[in-house]
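**Student:** give me a model of this one.
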Amino acid sequence: MKSEEIIWVEQIVSGGTDAEKAFQALSVKYGPRMYTQIFRIVQNEAIAKDVLQNVFIKIWKNLSSYKRESSLYTWMYRIAHNEALTMLASESKRKHLPIDNSIIQIIPGNQALDSLEGEQVYQLLREAIDSLPEKQAIVFELKYFENQKYGEIAQLTGTSEGALKASYHIAKQKITTFLKAKLNH
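**Tutor:** Below you'll find the model as predicted:
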């Protein structure tokens, strides 16, 4: 983690007089990137702004639980991504829109998966992704759902493209195994 980020995290967690200023600096630095990621998922400006606001509230409340095992942005990105998917699912339920069934491509020809409704596919996929190690889950989400290039993901995560390709391949295998086990029980 960069030294300025360490200082910001410590100031925010301590709750001292500089906490608000540090949080403002954090939101100025990462807000636009997170907004872009959120917008790619929800495809609606107003919803993306609402999600971003919720994300920053969660970051403020949960920053003390940040363990520095991954970069600060990776940790915040995960919160933003999950919050965007949650909002998308709730909007989908409210409007009775099906969630994209693109995950079916991972296990072609699986009749049990083909027969599920969008929300059921979403829930199963969410369970499968949540079972992955954090970095693997992020790589899978960025590549599969957001169709980002390995070079972009490498910049985001600070991981080599070769390692990302391997991580994505392993994540797909684990998700496939997870879904097959759930669907064939």
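**Student:** OK, contacts around K149?
**Tutor:** When the contact criterion is C-beta atoms under 8 Å, 6 or more residues apart in numbering, K149 has no partners at all. No exception for glycine: its C-beta is placed from N, CA and C like everyone else's.
**Student:** tell me how far it lies from I6.
**Tutor:** As judged by C-beta to C-beta, to the nearest Å, K149 and I6 stand 30 Å apart.
**Student:** try S71
**Tutor:** 11 Å.
**Student:** between the two, tell me which one has more neighbours.
**Tutor:** Set S71 next to I6 and count neighbours by other C-beta atoms under 10 Å: S71 wins out with 16 against 12.
**Student:** is it true that that one touches Q155?
**Tutor:** No - counting by C-beta atoms under 8 Å, S71 stays clear of Q155, with 11.2 Å between them.
**Student:** what residue lies at the spatial centre of this structure?
**Tutor:** H81 (3.1 Å; C-alpha atoms, centre = their mean).
**Student:** gap between that one and I129?
**Tutor:** Between H81 and I129 the computed distance is 10 Å (C-beta to C-beta).
**Student:** before we move on, what about A181?
**Tutor:** The spacing between A181 and I129, counted by C-beta to C-beta, is 15 Å.
**Student:** looking at those two, which is more packed in?
**Tutor:** Neighbour count, other C-beta under 10 Å: between A181 and I129, I129 has more, with 23 against 10.
**Student:** what's the next secondary structure element after the helix or strand bottoming out on mean pLDDT in the chain?
**Tutor:** Within the chain, no helix or strand scores below helix 111-114, which has a mean of 52 by mean pLDDT, DSSP states H and E. From helix 111-114 onward toward the C-terminus, using DSSP states H and E, the following helix or strand is helix 118-130.
**Student:** packing partners of that next one?
**Tutor:** Judged by 3 or more C-beta pairs under 8 Å, 6 or more residues apart in numbering; DSSP states H and E, helix 118-130 is in contact with helix 72-95, helix 134-140, helix 161-183.
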